[in-house]
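Colleague: what's the 3D shape of this:
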Amino acid sequence: MADLNNRFDDKVSKDRQARGDGQRIKLSSEEVLEIYASSDTIQALMHIYQVGHTCITNIRNQRSWVNLTAGLDRGG
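Modeller: Alright, predicted model coming up:
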């Protein structure tokens with residue numbers, strides 16, 4: 001167990017730790033902001049960004065990526 005903790009600490013200290021909402025990151029910050037501000041349908045966004053319905057709705061409803069979308073106006 002100590003070895004696992006050491007590897008994790010090493011990963012974090014060398015900035016190799018993925019960030020996000022505890023999920024594998026498929027979208028860039030820019031893409032998240034585009035999705036959040038878009039007036040396109042969920043189906044269209046799913047096709048454009050190759051992510052699922054839940055991913056799109058979570059971004060739009062500020063259940064994920066809140067660190068980027070908090071305080072922003074959706075616009076669309």
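
Colleague: what's the next secondary structure element after the lowest-mean-pLDDT helix or strand in the chain?
Modeller: Within the chain, no helix or strand scores below helix 2-13, which has a mean of 63 by mean pLDDT, DSSP states H and E. Along the chain past helix 2-13, the next helix or strand (assigned with DSSP states H and E) turns out to be helix 29-37.

Colleague: So which residues make contact with that next one?
Modeller: Helix 29-37 is contacted from outside by 27, 45, 49, 56, 59-60, 65, 68-69, 72, 74-76, using CB atoms under 8 Å, 6 or more residues apart in numbering. The C-beta positions use only the backbone N, C-alpha and C, and glycine is treated the same way.

Colleague: Would you mind giving these as a markdown table with secondary structure and distance to residue 35 added?
Modeller: Compiled in a markdown table, the contacts of helix 29-37 are given as follows (DSSP: H, G, I helix; E, B strand; the rest coil; distance: CB to CB, whole Å):
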| residue | secondary structure | distance to residue 35 |
| --- | --- | --- |
| 27 | coil | 7 |
| 45 | helix | 6 |
| 49 | helix | 7 |
| 56 | helix | 6 |
| 59 | helix | 5 |
| 60 | helix | 7 |
| 65 | coil | 9 |
| 68 | helix | 10 |
| 69 | helix | 9 |
| 72 | coil | 12 |
| 74 | coil | 10 |
| 75 | coil | 12 |
| 76 | coil | 10 |
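
Colleague: By pLDDT, give me the weakest of those.
Modeller: For the contacts of helix 29-37, the model is least confident at residue 76; its pLDDT is 54.
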